[in-house]
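In: no FASTA, just this:
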């Protein structure tokens, strides 16, 4: 493999005199990177799963979601004067304001 296929960072080719700088560089494979990724079972990190697979993952994590939301609410509203009641009152007050603005006129 020639030195012209060496990388210093993703997407940047190193100059020919890399050996004089003492920088360690990764070496690109000879095959196209897309084929290399497929051969090793890699997929884009932002790729979303199909809807049914997503719902199954969500269902498996449901206990964590509920526990995390409950703990976060307790941590946020423990010191407030109205406490966790404020979390219920806020959307009700918002709905009341929207009703007065849009339904009465």
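Out: Nice, I can see it. Remember, predicted model here, so these are calculated numbers, not experimental data.
In: pLDDT score assigned to the nearest residue to residue 43 once chain neighbours are set aside?
Out: For residue 43, ignoring the flanking residues on the chain, the nearest one in space by Cβ to Cβ, 6 or more residues apart in numbering is residue 37 at 7.6 Å. Glycine gets a C-beta too; all of them are placed from N, C-alpha and C. We have a pLDDT of 86 for residue 37.
In: mind listing what's buried in the one helix or strand residue 37 maps to?
Out: Secondary structure from DSSP states H and E places residue 37 in helix 33-39. By neighbour count on 16 or more other Cβ atoms under 10 Å, the buried set for helix 33-39 is empty.
In: Which phi and psi values does the residue lying closest to residue 39 once chain neighbours are set aside adopt?
Out: Distances taken as Cβ to Cβ, 6+ apart place residue 31 nearest to residue 39, at 7.8 Å, with adjacent residues excluded. For residue 31, the backbone dihedrals (degrees, to the nearest 10) come out as phi -80, psi 160.
In: Poorly predicted segments of this structure, please.
Out: 1-26, 81-83, 105 (pLDDT under 70).
In: could you measure the residue most central in space within it against residue 97, distance?
Out: Of all residues in the chain, the one closest to the mean position by Cα atoms, centre = their mean is residue 46, 7.6 Å from it. Going from residue 46 to residue 97 by Cβ to Cβ, to the nearest Å gives 38 Å.
In: now swap in residue 103 and tell me
Out: Distance from residue 103 to residue 97, by Cβ to Cβ: 11 Å.
In: Would you mind giving the domain segments of the chain?
Out: Annotated domains of the chain cover 3-39, 51-102 [automatic domain parsing].
In: element containing the residue nearest to residue 58 when sequence neighbours are not counted?
Out: Spatially, and ignoring its direct neighbours in sequence, residue 58 is nearest to residue 65 (7.7 Å; Cβ to Cβ, 6+ apart). Element membership for residue 65 (DSSP H and E) is helix 62-77.
In: what's that helix packed up against?
Out: Counting contacts by 3 or more Cβ pairs under 8 Å, 6 or more residues apart in numbering; DSSP states H and E, helix 62-77 packs against helix 85-102.
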